[in-house]
Structure formats: structure tokens, C-alpha cells
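**Q** Got a sequence here, can you build the structure:
(chains A and B)
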Amino acid sequence: MKHEIFEHDIIIVGAGGAGLRAAIAAAEHAEHLSIALISKVYPMRSHTVSAEGGAAGVMRDNDSEDTHAKDTIFGSDFLADQDAVEILVREAPGELIQLEHWGCPWSRDPDGRISVRPFGGMTVNRTVFAADKTGFHMLHALFQTSLKYDAIVRYDECFVTSLLTDDGRVRGVTNLNLYTGKVQIVMAKSVIICTGGGGRAFPFTTNAAIKTGDGMALAYRAGVGLKDMEFVQYHPTGLPGTGILITEASRGEGGWLINKHGHRYLQDYGLGPATDTPTHRKMELGPRDILSRCHMQEHQKGNTFEGPYGHYLHLDLRHLGEELIDSKLPFVRELTRNYVGIDPVVDPIPVRPVVHYMMGGIHTDTDGKTSLEGLYAAGECACVSINGANRLGSNSLTELLVFGARAGRSAAEFALNQPSPLKSPIDLLAGDEQKRLDDNFLKKEGGTEKVAGLRQEMQIAMEDGVGIYRNEGDMRKTCDTLQSLRERFANIRIEDDTSIFNTERTVALELDFTLDVAETIANSALQRTESRGSHNRIDYPERDDENYLKHSLAFRAPGGPPKIEHFPVTITRWEPEERKY
Amino acid sequence: MSEETITLNVTRYRHEKDRAPFIQSYQVPYREDWVVLDALNHIKDELDGTLSYRWSCRMGVCGSCGMMVNGEPKLTCSAFLRDYRPGEIRVEPLENFPVIRDLVIDMSGFMDKLTSVQPWIIREKEKPVSEGEYLQTPDQLDAYQQYSQCINCLLCYSACPIFGLETDFIGPAAIALAYRYNLDSRDEGSHRRNDVITDVNGVWECTFVGECSVVCPKHVDPAAAIQKLKVETVSGMVRGFLMPWSRK
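**A** Predicted coordinates for the structure are as follows:
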């Protein structure tokens, strides 16, 4: 079959915050570069839109890059690479101001300067925000700004199915155009993956439906290692049932977490004293991994409420008053009114920990470069790593700006120095991919397994084995379940044989990717016999720097579980110490 | 006890198979806290995998899941089954747009309109990042904040009778966004945008029906933006005629 072929200098897969920032950086790096921006949704639908609280950066004289770095490294339980963190904190303020120049409506102080608010695990107010719709405003500012660059060519609603690699380097991608149902070839000299996380591997998540780990799986299948996949962040305050995020900014502004006895329970876990107004890094401003564990311990002690969707605790904002809630947390009020029918001005909000963020991802260096020549990654799908074993809230929006821009510039620089790829091997490679897609998805015949059923079984297995508390037995069971789901996936049933906007196919393609990502999470977790950050093992409760001050790296091993390797963390100036708040 | 159910009558259309759109009925479990989108997801996962529609964040901010629900444009992630019970619920693709398939509409025209109004900060001279932020007081922020809340869900286009007749009309969301940038204290590009939005397909098409503002889930009030732009561009034209040097 002859494929439609498009040629560009750079391809960016994913058009959320990182992808758009990378596209603009590439467009500004050199004239005459042609940049393909491919997304399975329209850019403004990307999940960056749901980020609420803010983006961290040193904005004031009472703050310093070293303090931001120290907080981030400490929060990461010393698994972050310190060279990467130093770059993050150095470039963060410039990126936040750049966004301001591009029209992002940052909230302001009376004198007109960009406001900063406190956030979990940070010692100073350094989180820049746009009320509590920071991600929404950042995404739209980036998207609208991207429209002025003719060099950026969008492929909206195109689903990338594979990376085309040849002779040890990436040559392009294959693309399922949702409007035609046809597979297209897009060729380029460099490719940047910016597809975000994969929270949909779990049953309760703040993540949107599209967060299925596609880009991580694309790189993994092309032989690139996925780093630190065992580290999955639970956000302590999601709405029960839906998993909708209630921003950490609600605690930054002074909200309290309260158990069923009306007690601010965090003081019982060494996070006190319980002051009335927020104190940096204490109580409700503790880091997310610890707060999520405290919730589970309260549940063990019988101090949680029981509702139709299981246990929950209360996030109380009532004492903040209507005026502050409306000016700083309007979206929280909108969400709780709409989805739980309560008004935070007069009622406490029911919350529980929900899967929120993947610290792990595609292994890159500080320029976003991967081990595959020409392939780059940035944002949540990548692992530089600045987040280590636990990300601090408001570092991820900054990360996608800083490392999105860096990846965009380095992929552009790489493309400038490369000849155009030859078309002949591309046709052959695309032929193989077409056959794989036809056999398994597009012309799939027979089959008995329901995709939605397999997805549900995967999600339950993930919650059971690699949730907030982990142990060897449960993790082994999860690894086995995932292996058998992978086998059963070969027998899926796809009833719809039409081509135009066939979403039965795309959900199957997504689950195919998510299963890969889930396997790397569970197997990397099983291999790490210590507790660190979000990875908490009841059979190995202590941190073990002697053996595990190391990143994990999961490689695909055909027919079996991933192969896990480890390599040392980069330490520059901050020696590991006990992580105590 | 038998479980309570509710009926969804959903528009189906697959060009390759169907000569014309038709209605397919599905019985789904009734849940007090379910929205129409939950019911559609139930259909897709349990009853009929061939149904296609767009959705993502399910929290009213990505703008993907706009559809007609009982004849009104709604975000289906925010339309609760309980508000329609015990009646049946009719789910159709957003009105005034070509249908690609089932509940999926073609929004490529809107994307072109968005670009045409130049929704980005325009300045004669850019300040280098090293010189820091543009100061903007909370009052200056308030001046445009409401118009910056648009999630591009297209409910307003679906409600707009003018757009229904005249698909070239730039329309409520894109005009409101142009106005948002015009009002931004950092921007110097309103004359460039106004050239577009006062052209034949711009604000003058609007007869101030106001339905766009009624259906907007984010209270952007595009109708107000359009009316204010009419006033401003007229007075701008008069001023420009009398005092040509005053043109921003």
C-alpha cells in the first residue's frame, strides 16, 4: 500500500504545554525550519488545561535559586538529578516572564507585579498562578501564541502509532488520521515526544481520558529506556468517584485537612504544629506523597468518612471566606458545586488521594535528548529527572516550559545539521507498521475480549499492586496479571470496521500503549527493594541509599516482562540526608 | 429490585454505512451523580463500542464534549441525568456544524477564524525577557479577565442563529477573544484585530440575539464583547476621521 508522505524538519508529538513550548522554541531558533505539531486532539484540549495551582520559580528577593533547588531535591527524596534541577531553577523565572509577555493572565499584586503563593514542600512563596486555572491559561496563551508562527504546521486529531527508525536513528512517525482512517507517513530529521503522562493506567485519577501514556510507549517500543517508572504520585485531594482535582492551592491559601472527628490529623504525623495560617512545609503544606500516606493511615485507624465511593476526609475552606475563595479559588468552587453539589464557602469538601502524576518517563538528558539519535522528549512523558521519587506541586508546569523550550532548541539545532532522510526505507518501514495495524486493529477479525473489560482489569491490578502502599506479593500478582492481559489483548474484538473517526480503534490503540506503561511501572516497582518518595513498600520501609540512590531504567524485552537496569543519580551540591518535614 | 434506567436517544451517522443520520436508543443505568457523558461512556464501554464522540477532562475545562442535549448546546460532562429524569434524553451533535460522524462535528472552520483574529499579544517593540514582566494591576487584569475564560467549546456557535445562516461569520468566541487581547494593557494590536472583526464577516453580522452568552458555560459573555466592539469601532472610526493621529 502506498502511503501519503509529509516532510518536515521537526515533528512534535503532543500539543500540550511542553509540545507547544517546544514548537515555539524551535520556530524561534532558526528560520525556515518546518515544524509538524501532531496531536490526537486539538491543542487546547490537551491535559495541561486541567492544571490548577501554579508554576514555581524564583520571583522575589526573599528567594534564591539554591532554595528552590534544595526544596525540589529534598522533595524528590534525593532521587532528582541535581544538574537538571539547577537548570530548572535557573531558567524558571525567565520562562514564567516569557509566558507573561505572551499574554498569560498571571494573578497580580496591587503594584502590578506577578503574585506568588505558597505551595506544598516549598520554603518560600514562589508559585506563580492565574487564579486556580493556571494550566488552562498557560495552555491557551501558548496555543494562541503558536498561531502566529507559519513554520508550525498542525496535524490535529492524528494518532501517532509508531516511530519510524532506521540505521539507529529516528526518521519520522506513522500517523492514523482520524478523519480518513488512513495511515500517513510524516518524516523529519528530529522528533520530540511531548504526550504527557499515563494516569489512566489507574482507576482513580485526576488525569483526563487522553492520558494513556502513548508517547512513553512509542519511545519504549523504539528501544529507549523508561526511567523511574515506579514513582507514581497520588494527589491527596481528589474528589471521590470522579477523581477530579481539588488544587493544592486551596491548602496554600489556608485550607485545612480534617478527619471525621473534626481534627487536623496531620499534626499526629510529625507535620505540626497546627497553626491557623499556613506555614511553609508544615501541616497541609507538606509534600504530596506524605499527605497521601497520612490519609491511608487515618483510614486504617477508622478516622475517615465512608461514602458511596469509599473512604474520604474533609478539606475545609470555610474559614477562608467567600471573597478569598472567589478571587483565588473560583474553579474549586465551580467544580465542587457542579460535581458534588456542595459550596466550599459553607461546606467542607470530601477528598481522597488519587493518581495524579508520573515522575518517571522517557529517559532524557538535560537537553531533552534520548538514547535514540534524533529523538527528544519533554514534559510529563519525559524523565530528566527533576522530580525524582516525588514531585513538588507547581514544579511540573515550570518543567514543561523549561525543558520543552530546551528540547525544542536542541531538536532544531540537530535538524539544521542533518540531510533529509531517504524515502525508500521509510516506505518499507511504514509497510510493516501498516500490516501490524491492519492485523491487530484496523482489519482485525474475530476476537472475543472487550477492550473496556481489559482496561478495567488493568486498572484494578494497578491499584491493588502499585498503589500508595506496596509489597512484594501484591506486586508480583500485578505483574502476572499484566502479562496475562497482554496475552489476552491479542484476542480483542473490534466491531466497527468503518474508517472515519472510528474511536473504537483509538481506544484499543491507547490500551495497547497503556499496557506497556503499566508493565514498566509494576516491574520497576518490584525491583526497588526500598521505600523512597511515592514508592512505599511495607516490606522494605526504609530508604536504602547504599543500593538504591539510583534511577531505574526499563527496557522492552519481547515476549516477556521489561528488563530493569539501574544507574546512579547525579549529585552536585546537596548530599543526601534524612527527609523530614 | 430492578435497577432504574434512563433512555438516551443518540444521533448516529457513519457516512460509509448510513445514507442519513438516524436515532439509536440506549437504556443506561440511572445514577444520581452521573452526567450525560458518563452515560455515553457506559454505552461505549458496555453496550456499543461503535459510538463516537469527543471527550477528555470530564471537568468542564478542556471544551471537547459539547453536544446538543434535549435541543440545547451543553457540555455533556456538566449535564446531569438527574436534571432530565424521568424523561428520555436526546443527544445530538452540536448544531450549525457539519457532522463528521455520530456526535463529532467538524470544527476546522472555527480554528481558521481563531487564527484570523490574531489572538496573541502584538507590540510595536517587544521587551526582552531579561527586563522583566510588564506590570499589570489587578484592575487592568480585571478589564479583560472575563473574556480570557473561553474554553473553545463552541456552544455559542451552536446557539447563534446568525452563524447558522452565515457560516463565514467570525462568531462569538473568536470575537470575544479578539476583544480580550484588545483590552489587555500589554497589547498594542487592536487596530489590526479590528480590521478583521469589523470586516464583512465581523461584528456587524450580529443582530444581538444574545443566545451565545446564555449558553456559555464559562460566563464569558461574548454578546457583550460584540456590542462593545461595535460601539468602540464606530467611535474609533469617527475619532480616526476627525483625529487621524489618535488611532491605537
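
**Q** Which strand or helix spans the residue of the stretch 201-350 of chain A found nearest chain B?
**A** Residue nearest to chain B within the stretch 201-350 of chain A: residue A:208 (4.3 Å; Cβ to the nearest Cβ). All C-beta spots, glycine's among them, are computed from the backbone N, C-alpha and C. If you go by DSSP states H and E, residue A:208 is not part of any helix or strand.

**Q** what's the nearest residue to residue B:87 if we skip its chain neighbours?
**A** Once flanking residues are discounted, residue B:87 sits nearest to residue B:70: 8.0 Å by Cβ to Cβ, 6 or more residues apart in numbering or on different chains.

**Q** Now the one you found: phi and psi?
**A** phi 50, psi 40 (degrees, to the nearest 10).

**Q** next one: residue A:245
**A** Per degrees, to the nearest 10, the backbone of residue A:245 is at phi -70, psi 130.

**Q** what's the neighbour count on it?
**A** Residue A:245 has 27 neighbouring residues, counting by other Cβ atoms under 10 Å in any protein chain shown.

**Q** Identify the bridge partners of it.
**A** Beta-bridge partners recorded for residue A:245 (DSSP bridges): residue A:238.

**Q** That one and residue B:12, how far apart?
**A** Distance, residue A:245 to residue B:12, using Cβ to Cβ, to the nearest Å: 34 Å.

**Q** Could you do residue A:528 as well?
**A** 49 Å.

**Q** For the two, work out which one has more neighbours and name it.
**A** residue A:528 (24 against 17).

**Q** For the more buried one, give me its contacts.
**A** A:230, A:535, A:537, A:548, A:552 (Cβ atoms under 8 Å, 6 or more residues apart in numbering or on different chains).

**Q** If you drop the residues flanking it in sequence, what lies closest to it?
**A** Nearest to residue A:528 is residue A:230, by Cβ to Cβ, 6+ apart, at 5.5 Å.

**Q** part of a strand, is the one you found?
**A** No - counting by DSSP: H, G, I helix; E, B strand; the rest coil, residue A:230 falls outside a strand, being coil.

**Q** Ignoring the adjacent residues along the chain, who's closest to the residue nearest the centre of chain B?
**A** A centroid search over chain B (Cα atoms, centre = their mean) returns residue B:154, at 2.6 Å, as the residue closest to the centre. Of all residues not flanking residue B:154 in the chain, residue B:66 sits nearest, at 5.5 Å (Cβ to Cβ, 6+ apart).

**Q** Could you measure from that neighbour over to chain A?
**A** Per Cβ to the nearest Cβ, to the nearest Å, residue B:66 is found 11 Å from chain A.

**Q** my guess is that residue contacts residue B:158, does it?
**A** Yes - the criterion here is Cβ atoms under 8 Å, and residue B:66 meets it with residue B:158 at 7.0 Å.

**Q** joint contacts of these two?
**A** B:73, B:94.

**Q** So residue A:159: helix, strand or coil?
**A** Following three-state DSSP, residue A:159 is assigned to strand.

**Q** Count the neighbours of it for me.
**A** 21.

**Q** Need the pLDDT of whichever residue of the stretch 101-250 of chain A sits closest to chain B.
**A** Using Cβ to the nearest Cβ, the single residue of the stretch 101-250 of chain A nearest to chain B is residue A:112, 3.2 Å away. Looking at residue A:112, its pLDDT is 98.

**Q** OK, contacts around it?
**A** B:135, B:136, B:137, B:140.

**Q** now these in JSON lines, with distance to chain A?
**A** Converted to JSON lines, the contacts of residue A:112 look like this (distance: Cβ to the nearest Cβ, whole Å):
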{"residue": "B:135", "distance to chain A": "3"}
{"residue": "B:136", "distance to chain A": "5"}
{"residue": "B:137", "distance to chain A": "5"}
{"residue": "B:140", "distance to chain A": "8"}
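
**Q** Let's verify residue A:242: helix, strand, or coil?
**A** Residue A:242 ends up coil, using three-state DSSP.

**Q** Neighbours of the nearest residue to it once chain neighbours are set aside, how many?
**A** Counting by Cβ to Cβ, 6+ apart, residue A:339 is the residue found nearest to residue A:242 once chain neighbours are left out, at 5.9 Å. As a burial measure, residue A:339 scores 20 neighbours (other Cβ under 10 Å).

**Q** thinking residue A:144 is in contact with residue B:117, fair?
**A** No - look at residue A:144 against residue B:117 with Cβ under 8 Å: they stay out of range, at 9.7 Å.

**Q** Tell me where chain B has strands.
**A** In chain B, the strands defined using DSSP state E lie at B:5-12, B:22-29, B:66-69, B:72-75, B:89-92, B:99-101, B:104-105.

**Q** Would you list the strands that the first one pairs with, along with their directions?
**A** Strand B:5-12 has these partner strands in its sheet, going by DSSP bridges: strand B:22-29 (antiparallel), strand B:89-92 (parallel).

**Q** do the fourth one as well
**A** With DSSP bridges as the criterion, the sheet partners recorded for strand B:72-75 are strand B:66-69 (antiparallel).

**Q** how about the CA coordinates for the partner strand, as CSV?
**A** Written as CSV, here are the backbone C-alpha positions of strand B:66-69 (Å, rounded to 0.1, in the frame of the first residue of the first chain):
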residue,chain,number,x,y,z
GLY,B,66,-20.1,19.9,23.7
MET,B,67,-23.3,18.4,22.2
MET,B,68,-27.0,19.2,21.9
VAL,B,69,-28.8,17.7,24.9
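
**Q** Now do it: distance to the chain's middle.
**A** In terms of Cα atoms, centre = their mean, to the nearest Å, the centre of strand B:66-69 is found 12 Å from the chain centre.

**Q** Now do the contacts for residue 98.
**A** No chain was given, so I picked chain A. So residue A:98 contacts A:401, B:129 (Cβ under 8 Å, 6+ apart).

**Q** Actually, chain B is the one I wanted.
**A** Contacts of residue B:98 by Cβ under 8 Å, 6+ apart are B:105, B:106.
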